[in-house]
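Enquirer: no sequence for this one, just the structure:
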């Protein structure tokens, strides 16, 4: 079994390493516009070869580039005989764009692995990145079930838990659980200066870890999922307003209830 | 050397364990209004005895209860011969309140260890909680320098780095680096429901870890440092508005610059 990986960033490289270790694919060819990153992926043994285009004879193609590039690749590979799947953080606009430009290939399986790091590139890759991670699959009505079962099996071979969701539901839920926290961390960090940085501890580091994430990856996510992100941001601003009112009114009981509700909604501490 | 710890929560208990291990204090008596927590601290060997009041013959008293209780204890212990120090997250209002009620004892050394956890109580205590942590000391003009040097030495014996700052500067800086992130995490979590919780990963867990913090500890922090927290919140809301405008305008370059500025202000990734 031969795999092509379009994009040898953290996700593409980690899948390549993990899939080879699990024996799911024997060889991996990388398609990577960044020549330095492609060299690094080769040197690290993440991929066996670099190509400008996806070879016609690979059995599967993982689209692991930034979210705004995925629909174009799906359209370009409409007639490819292999199974296509992606790892993008936004799903519905990709399906819609592919449908607008000549139809959605039945052998394209839209996937979103909920794994990652604020670090990026092949050097950050780990074969076990998807162990115990959730991979959300958002099949369209036209998606081939055999292709879906095959792709789900590959993720499971890497230790992931595969769940199924509608693409619109996915985008609305992930706007809240992932895209908004990133936007907030980016916004929060704008006010940090040399005066603040020495006086930070573990709480600050945890809260802002996602704020060090890659701009090339995150800009298109926000743009593609703009409406859902703005709705989640409205909701946050309402809650910040509530906190401001409780603070302004000196309402200790109300503030304590607000804080307790937060812990309950999170589901408690981690251990 | 005998120590009294007022409040056997995470900070008080961790200091007691660490100070005994470092040989700084031989015995520790706990003053703890919560009988269950006092029993637990005794059982775990965090303290040797429980008392209703601070014994007159202890050499030092650590005030480690919630921030709004500290000024009252300082006033109550004005004539105590031992060295007093605290571990509260807000400094200037405590000094002001003590001054209003009969004067600030010269042997009171205001301290804020930047260490903690979303977990609380003696069960969460660790003797090495302050290893490599910063402890900010905010002496007042009337603070006795010998007392300050002694207290700094105790924290250093536990592995902490002691720095000195004015109380007002401390409260303004910590509003940004600690109090605002907690408020934002509490506000963000309000919109999380059963629909979202299954679809979260490491980014969400890190971002919201401080959102599971203790309401009894955090309510008085926000109330005591209200003005500085509201100023920091104003600044965050300005940045969220900027992000909203960039998103609304579809300004990819502006959004990417905003994200890159965030990573730079943080000081990069953690590893």
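Expert: Everything's here; your move. Predicted model only: the values in this text are computed from it and were never measured.
Enquirer: please tell me how far residue A:145 sits from chain B.
Expert: Distance, residue A:145 to chain B, using CB to the nearest CB, to the nearest Å: 23 Å. Every C-beta, even on glycine, is put in place using the N, C-alpha and C of the backbone.
Enquirer: quick check: chain neighbours aside, which residue is closest to that residue?
Expert: Excluding the flanking residues, the one nearest residue A:145 by CB to CB, 6 or more residues apart in numbering or on different chains is residue A:139, at 8.0 Å.
Enquirer: okay, now that neighbour: neighbour count?
Expert: Using other CB atoms under 10 Å in any protein chain shown, residue A:139 has 21 neighbouring residues.
Enquirer: do the same with residue A:237
Expert: 15.
Enquirer: next: residue A:261.
Expert: Neighbours of residue A:261 (other CB under 10 Å): 16.
Enquirer: which helix or strand contains it?
Expert: Residue A:261 belongs to helix A:252-266 when assigned by DSSP states H and E.
Enquirer: tell me the buried residues in that helix?
Expert: For helix A:252-266, burial by neighbour count (16 or more other CB atoms under 10 Å in any protein chain shown) applies to A:252, A:254-256, A:258-259, A:261-263, A:265-266.
Enquirer: in JSON lines, list the residues you listed along with pLDDT.
Expert: Shown next, in JSON lines, are these (pLDDT from 0 to 100):
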{"residue": "A:252", "pLDDT": "97"}
{"residue": "A:254", "pLDDT": "98"}
{"residue": "A:255", "pLDDT": "98"}
{"residue": "A:256", "pLDDT": "98"}
{"residue": "A:258", "pLDDT": "98"}
{"residue": "A:259", "pLDDT": "98"}
{"residue": "A:261", "pLDDT": "97"}
{"residue": "A:262", "pLDDT": "97"}
{"residue": "A:263", "pLDDT": "94"}
{"residue": "A:265", "pLDDT": "96"}
{"residue": "A:266", "pLDDT": "94"}
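Enquirer: among the residues you listed, which are in reach of chain B?
Expert: With the criterion set as CB under 8 Å from any CB of the partner chain, the members of these near chain B are A:252, A:255-256, A:258-259, A:261-263, A:265-266.
Enquirer: where exactly do the strands run in the stretch 51-200 of chain A?
Expert: All strands of the stretch 51-200 of chain A, identified by DSSP state E, counting those that start in this stretch, fall at A:60-63, A:83-86, A:108-109, A:111-113, A:134-137, A:161-164.
Enquirer: same for the fifth one, what does it pack against?
Expert: In other words, strand A:134-137. Counting contacts by 3 or more CB pairs under 8 Å, 6 or more residues apart in numbering or on different chains; DSSP states H and E, strand A:134-137 packs against strand A:111-113, helix A:145-157, strand A:161-164.
Enquirer: about what we covered before: what sits against the residue nearest to residue A:145?
Expert: Residue A:139 is in contact with A:109-110, A:145, A:148, A:164, counting by CB atoms under 8 Å, 6 or more residues apart in numbering or on different chains.
Enquirer: quick one: residue A:225 and residue A:175 touch, right?
Expert: Yes - proximity of residue A:225 to residue A:175 meets the contact threshold set by CB atoms under 8 Å, at 5.6 Å.
Enquirer: skipping its backbone neighbours, what lies nearest the residue nearest in space to the middle of chain A in space?
Expert: Nearest to the geometric centre of chain A sits residue A:89, at 4.0 Å (CA atoms, centre = their mean). Spatial nearest neighbour of residue A:89, excluding adjacent residues (CB to CB, 6+ apart): residue A:221 at 4.9 Å.
Enquirer: quick one: the one you found is in a strand?
Expert: No - read with DSSP: H, G, I helix; E, B strand; the rest coil, residue A:221 is helix and lies in no strand.
Enquirer: could you check how far it is from chain B?
Expert: Counting by CB to the nearest CB, the separation of residue A:221 from chain B is 10 Å.
Enquirer: how about the contacts made by that residue?
Expert: A:67, A:89-90, A:179, A:182.
Enquirer: then residue A:25?
Expert: So residue A:25 contacts A:1-3, A:16, A:19, A:59-60 (CB under 8 Å, 6+ apart).
Enquirer: same thing with residue A:58?
Expert: Counted by CB under 8 Å, 6+ apart, residue A:58 has contacts A:2-4, A:29, A:82.
Enquirer: residue A:142 now?
Expert: Shown in contact with residue A:142 (CB under 8 Å, 6+ apart): A:104, A:106.
Enquirer: how near is it to chain B?
Expert: Per CB to the nearest CB, residue A:142 is found 24 Å from chain B.
Enquirer: could you do residue A:219 as well?
Expert: From residue A:219 to chain B the distance is 5 Å (CB to the nearest CB).
Enquirer: re the thing from before, do you know the pLDDT at the residue nearest to residue A:145?
Expert: Listed pLDDT for residue A:139 reads 98.
Enquirer: got a pLDDT number for the residue nearest to residue A:115 when sequence neighbours are not counted?
Expert: Of all residues not flanking residue A:115 in the chain, residue A:133 sits nearest, at 3.9 Å (CB to CB, 6+ apart). Per-residue confidence at residue A:133 stands at 97 (pLDDT).
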